[in-house]
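*Asks:* Following is a predicted model, sequence given first.
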Amino acid sequence: MRIRVAIAITGMVLGLWACEWKGSPQDKIFEDLESQEGLTGKREYLSSPFSASGDRFYMVGHQDGTFPDLGWHVEGEMGGLWMHPIKLMDGFTASLKSGEQIICLDKAKTFTNYPFANQQDYGVVFEQVSVDRTQFVSDGREGMTVLFRFQNESSSSAAFDFFFEANVDLQPVWLGERSGMIDGPDQVNFEELTGTFTAKDESNDWFAVWGSDENFLLSPVKPECSFESKGENGFKSGFSTSVSIPAGSSVVLPIFISGSDQSEVKALETFADLKANYIEDWFNKKARYEELSQVSKINIPDKEVQRAFEWIKYNTDWLVREVPKLGRGFGAGLPDYPWWFGVDSEYTIQGLITTGRKDLVYETLDLLHDLSESENGNGRIVHEVSTNGVVFNPGNINETPQFASTVWEVYRWTGDVELLQKYFPTIEKGLNWLLEENDKDGNLLADGYGMMEIHGLESEMIDVAAYSQKAFSDASQMAEILGKQELAESYQQTAEALAEKINSDFWVPEFGSYADFIGTAEEALQLVEGAILRADTLNKPWAVEELEATQSKLSTLPKDQKQGFVLYHNWVVNTPMEVGIADPEKAQIALETGRKYTNPFGVFVTGIDRDEQAESEDGSFAGSQAFSYTGAVMTLPTGVQAIGENNYGNPDAALDYLQRMTLSFGFALPGSIYEVSPDYGMFTQAWNMYSFAVPIITQFFGIQPDAGNRVIYIRPQMPNNWNEASIERVKIGDNEVSLKYEKEGDELMIEVEQTEKKWGLSIEIPEEYGKVKLLGKEVNADTQDGYRRLLMTGAKVRVEAVK
């Protein structure tokens, strides 16, 4: 409802402006842009990527305004203008000609990112004429708008020719050949009457359309400035137009680009729609983004973490991919992972649901479920699917149990029993598949790849075990709600048995860590050789020494002896703390061990990649020429570690990990956190939402909903130096909750407001606070697990406590 109201208000504002506005229509956008928070990037990262994103269309180029070949999934083709499942263009160039002077707009002086738009500023390019380029993608439209603004700051008029060249490269998405999408040569036609260019792939009904508005007469020409690109079947087509600017004035030249994988008529309709509605589209999108920022809005002492969390909400929206006939859901990351992943979605959804994005959560769950059922049909959840529907990997072992826990988490926040009814049959099939087809020795530990896709690491992995344990525990609760009591009891017994195995069979006391995997000594010997080679190649002498000692010990063991082994110190050894099943004493030891495998940005993916200099390595990540995660520090492992620290009462340590991740915020792309810290891999990544939202909302603020029973449990666990914090408009079922937290000396105050006053609120405070007042009156409170619990209802409650 709020979005509709905001849009209606925007429409009213536009109507008033239409009566009063004296400038050009585009000036409304630039005036509005000045009121938005823009983050300006570093000059040294102008030759790195950014995106202008929408749900049906996006553009990836460099911050300096160029479009070099980008990406490795389809080598050199992951940048440009995409309308999945096809690509329209490799990019475009623009230039000016004044007299004999030619200025190529390929060296922007600054790049500024806004929540849903971005701008390159080229500065003064000749005499006193400055140029900037602003672009955004309208919601729901298969196209985008690019605005070139020319400002004449001189006392006399200025005139020049403007050139624009589209580097057309209509081609299919990755794995297109598997679905019969075969790229053909492109051709371009210019329609003089309408001033529009239309490109078509000769072998397919794939179209791109571009042009300007009626204020500019376009003439097809070959521009002075161009660039080379990798596409073999592409076609370059340019135009020129004359621009005249009175003294002290500005002129905005809009470029509209649209596409279709169905027909030329549809592409032309979108083009016309953009021309007619792009200003209204701008303000509608602004209203929607303002709503995103206001839901689960935090106010915390650490303003850097606060700002990063707000922008992560925007980052997630940049990744939404809607493809007709397939569905809608967020991709994993840009530029190389724009399509859909099982595990990336499962992590992200658990954070996303806390920020009010029920719409996107449901759409992504539907998409993931439908793709998995179509491909596998046995409950196995797919790993990676291109936007033409082709499944690249039918699913790693961990993704199936994680799907069960994701559905349960969404239910906790929504109370939607129909959600459980819809997905539980797949969950039940998936858990059967997990153990019936992947547990060769029948010990409840499924064999196969988990999160660590290191060759050979496919025996009984710690993350698969931890996520399986949680899945059976969560599925037990779902089965009970659905009246499947016998199944609920069976699942719970399996969960308890797995918890015991994890804390006994996987625990390796001499390393103070859970094992990477359980396997035979022979399997471990084969793996240790590869680990030694990796550590030696990376010049990590401490790791070589440790691994050689392990190798020596392994050689004395019977080859078929099966046990837990610590070889790589992979981040997944922290998953027992993440899901909260580690024995408390073991957890504290393992968390302390995990703190060793960090650098200033977070946790190493593979611990043996760390060395003594890691704590001082705060610069750019030196990745290999061929894309690789070797030596990487990533936000997901760091977020997992933060969640684990909070689960065992260490909020200061959890905050430290959040602050480490935040050091990457804006390091290379303003407003975003890279996949690999601080500036490698995907320049925006979906699962950052998990790594921030879960520690902040469900742990620091302690909001743990039971929407099905209309009860919200609140147990704040703030870092020690956070004396004041608040969160507004947390959506839980049909309720909205806001919370204020204040601490001063021996006094503590928690105030909660909710829109549904009949919902139960269970507020829990540490038992060290001996005197408790509820709405100003001293009350007795039950004590459980070291916390005093007050259960109440009401639109607004205030609890005060004194030690």
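*Replies:* Noted; the coordinates are in hand. Residues are numbered from 1 along each chain as shown.

*Asks:* After the lengthiest strand in the chain, which helix or strand is next?
*Replies:* Taking residue count as the measure and DSSP state E as the definition, the longest strand of the chain comes out as strand 158-172. Sequence-wise, the next helix or strand downstream of strand 158-172 (DSSP states H and E) is strand 186-191.

*Asks:* Go through that next one and flag the buried ones.
*Replies:* With burial defined by 16 or more other C-beta atoms under 10 Å, the residues of strand 186-191 counted as buried are Asp186, Val188. Placement of C-beta: from N, CA and C, glycine included.

*Asks:* Can I get the very next helix or strand once past that strand in CSV? Just the C-alpha atoms.
*Replies:* Next in sequence after strand 186-191, counting helices and strands by DSSP H and E, comes strand 196-201. Once non-C-alpha atoms are left out, strand 196-201 reads as follows in CSV (Å, rounded to 0.1, in the frame of the first residue of the first chain):
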residue,chain,number,x,y,z
THR,A,196,15.2,5.3,-35.0
PHE,A,197,17.8,2.6,-35.6
THR,A,198,16.7,-1.0,-35.5
ALA,A,199,19.1,-4.0,-35.3
LYS,A,200,18.2,-7.6,-35.9
ASP,A,201,20.0,-10.9,-35.6
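
*Asks:* Would you mind identifying the next helix or strand past strand 196-201?
*Replies:* strand 207-211.

*Asks:* And that next one, what does it pack against?
*Replies:* Using 3 or more C-beta pairs under 8 Å, 6 or more residues apart in numbering; DSSP states H and E as the contact criterion, the elements in contact with strand 207-211 are strand 158-172, strand 196-201, strand 250-260, helix 264-294.

*Asks:* Give me the contacts around the second one.
*Replies:* Read it as strand 196-201. 88, 166, 168, 170-171, 183-191, 206-211, 220, 233, 235, 237, 239, 264, 267-268, 271 (C-beta atoms under 8 Å, 6 or more residues apart in numbering).

*Asks:* now swap in stretch 169-180 and tell me
*Replies:* Contact partners of stretch 169-180, identified using C-beta under 8 Å, 6+ apart, comprise 73-74, 77, 80, 84-90, 181-183, 186, 199-201, 204, 206-208, 229, 231, 233-234, 339, 386-390, 392.

*Asks:* Would you state the strands of the stretch 1-150 of the chain in chain order?
*Replies:* Residue ranges of the strands in the stretch 1-150 of the chain, as given by DSSP state E, counting those that start in this stretch, are 39-40, 49-53, 58-62, 80-83, 86-98, 101-104, 110-113, 117-126, 129-136, 143-152.

*Asks:* just to revisit the earlier point, partner strands of the longest strand of the chain and their direction?
*Replies:* The sheet places strand 158-172 alongside strand 86-98 (antiparallel), strand 235-245 (antiparallel), with pairing taken from DSSP bridges.

*Asks:* so for the first one, what's the average pLDDT?
*Replies:* Think strand 86-98. In this model, strand 86-98 carries a mean pLDDT of 96.

*Asks:* how far is that strand from where the chain is centred?
*Replies:* In terms of C-alpha atoms, centre = their mean, to the nearest Å, the centre of strand 86-98 is found 28 Å from the chain centre.

*Asks:* ditto for stretch 100-113
*Replies:* Between the mean C-alpha location of stretch 100-113 and the chain-wide mean there is a distance of 30 Å, by C-alpha atoms, centre = their mean.

*Asks:* for it, which positions count as buried?
*Replies:* Neighbour counts using 16+ other C-beta under 10 Å place Ile103, Cys104, Leu105, Asp106, Ala108, Thr110, Phe111, Thr112, Asn113 of stretch 100-113 among the buried residues.

*Asks:* circling back: can you redo the strands paired with strand 158-172 as TSV with distance to Leu435?
*Replies:* TSV is the format used below for those (distance: least, C-beta to C-beta, whole Å):
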stretch	distance to Leu435
strand 86-98	41
strand 235-245	54
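
*Asks:* what's the closest of those to Gly602?
*Replies:* Taking C-beta to C-beta, strand 86-98 is the member of the strands paired with strand 158-172 nearest to Gly602, at 32.9 Å.

*Asks:* in the closest one, what's buried?
*Replies:* Of the residues in strand 86-98, those scored as buried under the neighbour-count criterion (16+ other C-beta under 10 Å) are 86-98.

*Asks:* can you check stretch 788-796 too?
*Replies:* Of the residues in stretch 788-796, those scored as buried under the neighbour-count criterion (16+ other C-beta under 10 Å) are Arg788, Arg789, Leu790, Gly794.

*Asks:* Could you pull out the strands in the stretch 351-500 of the chain for me?
*Replies:* When secondary structure is read from DSSP E, counting those that start in this stretch, the stretch 351-500 of the chain shows strands at 384-385, 391-393, 460-461.
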